[in-house]
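> below: sequence and its predicted model.
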Amino acid sequence: MAAMPLDTGRVPHLHLVADGEREDAPVAAHQPSIDHGVDIGSALRAAREFRGLTLQDVADATRIRLSYIEALEDLRLDELPSRPFTIGYVKSYAKMLGLDGDAAVARFKVDVPDDSEPLRAPVGVRHERDPRLGLILALGVLIVAAIVLWNVAQRAIAKDAPPVLVAEAQATAAVNTPAAVPVDPNAAPGSVSLGAPLPAPVESTTPEPYKTPGLDDAAANGGSADAVSAASKARASEAAKSGVDPNQVFNVGAPFRAKGPMYGAAPAEASGLILQARKPGSLTVHDAGGAIYFSRWMAAGEAFRAPRNGGLIAEVSDPGAFEVYNAGALTSRMPGPTASLGKLTTAPAAPAAPVAAQPPKPQG
């Protein structure tokens with residue numbers, strides 16, 4: 001009777017013994033191969049168990065640690081050494097079992113691929129260059145060639161250009177020679193006859209020479225400091241006899257000279273009134289309601305330019321310390337500690353001889 005086919009299920013490589021097969025057939029013919037099981041570890045375990053060997057037997061024969069043998073059969077890669085050592089263990093293990101070591105290594109690499117290896121290009125894919133890259137390179141070469149040709153052409157044009165015409169020296173001399181200086185007809189060509197040098201132009205802004213205060217008194221009284229002091233006391237005594245306050249003696253009509261910073265309104269918004277400190281003192285400018293427009297301790301020489309605003313009032317710590325200028329000319333001094341700027345703004349008086357003129361004090 002014919003033998004019925006058996007259902008082997010999911011057991012791979014099941015060896016069926018035929019009726020006439022010999023019982024004493026070689027054992028090696030039925031040993032599982034490298035392709036046995038789901039991975040290389042299963043194939044090695046099946047071959048070891050088929051031969052009746054223990055893990056310790058394999059460790060003693062291959063000199064591989066017992067823990068590595070167990071991890072290799074279960075493919076626990078985190079418990080194995082580096083990949084090159086693991087590949088060597090697979091090959092030694094397979095040879096010890098009588099299997100093909102190279103085939104065992106090949107299956108290990110298939111079952112456990114190396115992530116560090118670069119990916120291979122797909123088969124049948126052709127690498128093509130971007131056609132725009134060649135167009136860009138060609139355009140760049142054309143631009144460079146155009147620049148080079150343009151520079152060469154410019155050099156050639158400049159080389160072939162006619163020379164610049166230069167006027168003759170005699171004609172140039174005739175043009176540059178003043179009419180008042182006659183040209184010598186016997187002079188050599190190219191020479192120019194020069195006349196007498198012209199005087200330097202008068203400087204229109206030359207300041208008046210500074211005169212040292214008290215120099216005239218010192219010269220008139222023998223040139224001593226005591227003589228100067230005596231002359232000053234004499235002038236003060238004469239002014240007191242005439243009923244004139246020495247502090248109110250000033251040179252009316254004297255021009256304004258800036259001797260320090262200028263505060264207050266801009267020139268375009270100024271009323272023409274200027275208050276200048278002849279010695280240190282405080283100056284406060286406010287309106288009728290008390291709103292402060294300007295307030296500062298003024299050093300000697302500093303000045304305040306009044307605006308065109310109406311109703312401003314000036315308060316000073318010392319009336320004799322501030323001089324009043326209108327339209328750039330000295331008109332008076334502050335009449336008191338408080339004065340309206342509108343009343344101080346008057347037409348400048350004509351220059352006249354001072355009541356008891358005294359030279360200005362030198363600045364420290």
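Yes, it's here.
> tell me where the chain has strands.
Ranges of strands in the chain, per DSSP state E, are 262-264, 270-277, 281-286, 292-298, 303-307, 313-316, 322-326, 329-333, 338-340.
> in this protein, which helix is the longest?
Ranked by residue count, the top helix of the chain under DSSP state H comes out as helix 131-160.
> hmm, back to that, with mean pLDDT, distance to Leu198 and mean neighbour count as extra columns, can I get the strands of the chain in a markdown table?
In short, each C-beta sits where N, CA and C put it, glycine included. Below are the strands of the chain laid out as a markdown table (pLDDT from 0 to 100; distance: least, Cβ to Cβ, whole Å; neighbours: other Cβ atoms under 10 Å):
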| stretch | mean pLDDT | distance to Leu198 | mean neighbour count |
| --- | --- | --- | --- |
| strand 262-264 | 92 | 39 | 17 |
| strand 270-277 | 90 | 41 | 21 |
| strand 281-286 | 93 | 50 | 18 |
| strand 292-298 | 93 | 47 | 15 |
| strand 303-307 | 93 | 41 | 22 |
| strand 313-316 | 93 | 52 | 19 |
| strand 322-326 | 93 | 40 | 22 |
| strand 329-333 | 90 | 37 | 19 |
| strand 338-340 | 91 | 54 | 15 |
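> dump those strands to CSV, plus distance to Leu53.
As requested, the strands of the chain are exported to CSV (distance: least, Cβ to Cβ, whole Å):
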stretch, distance to Leu53
strand 262-264, 112
strand 270-277, 118
strand 281-286, 116
strand 292-298, 111
strand 303-307, 116
strand 313-316, 120
strand 322-326, 123
strand 329-333, 129
strand 338-340, 125
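> so which of those strands comes closest to Arg132?
For these, proximity to Arg132 was assessed by Cβ to Cβ; strand 262-264 is nearest, at 69.6 Å.
> ok, and the closest non-adjacent residue to Arg308?
In this structure, Arg308 finds its nearest non-sequential neighbour in Ser271, 4.5 Å apart by Cβ to Cβ, 6 or more residues apart in numbering.
> is it correct that that neighbour is in contact with Phe304?
No: taking contacts as Cβ atoms under 8 Å, Ser271 lies outside contact range of Phe304: 11.5 Å.
> quick check: which ranges of the chain have low pLDDT?
Residues of the chain that meet the criterion pLDDT under 70 lie in 1-29, 117-128, 163-196, 199-232, 234-236, 238-250, 347-364.
> how about 80 then?
1-30, 115-131, 159-251, 309-310, 346-364 (pLDDT under 80).
> all the helices of it, residue numbers only.
40-51, 55-62, 66-74, 83-96, 101-111, 131-160, 169-176, 215-220, 225-241, 341-344.
> same for the shortest one, what does it pack against?
In this case it means helix 341-344. For helix 341-344, the packing partners by 3 or more Cβ pairs under 8 Å, 6 or more residues apart in numbering; DSSP states H and E come out as strand 270-277, strand 313-316.
> which residues does that helix contact?
271, 273, 275, 285, 306, 310-314, 324, 326, 332, 334 (Cβ atoms under 8 Å, 6 or more residues apart in numbering).
> let me know the closest of those residues to Asp102.
Out of those, the member with the shortest distance to Asp102 (by Cβ to Cβ) is Val285, at 108.9 Å.
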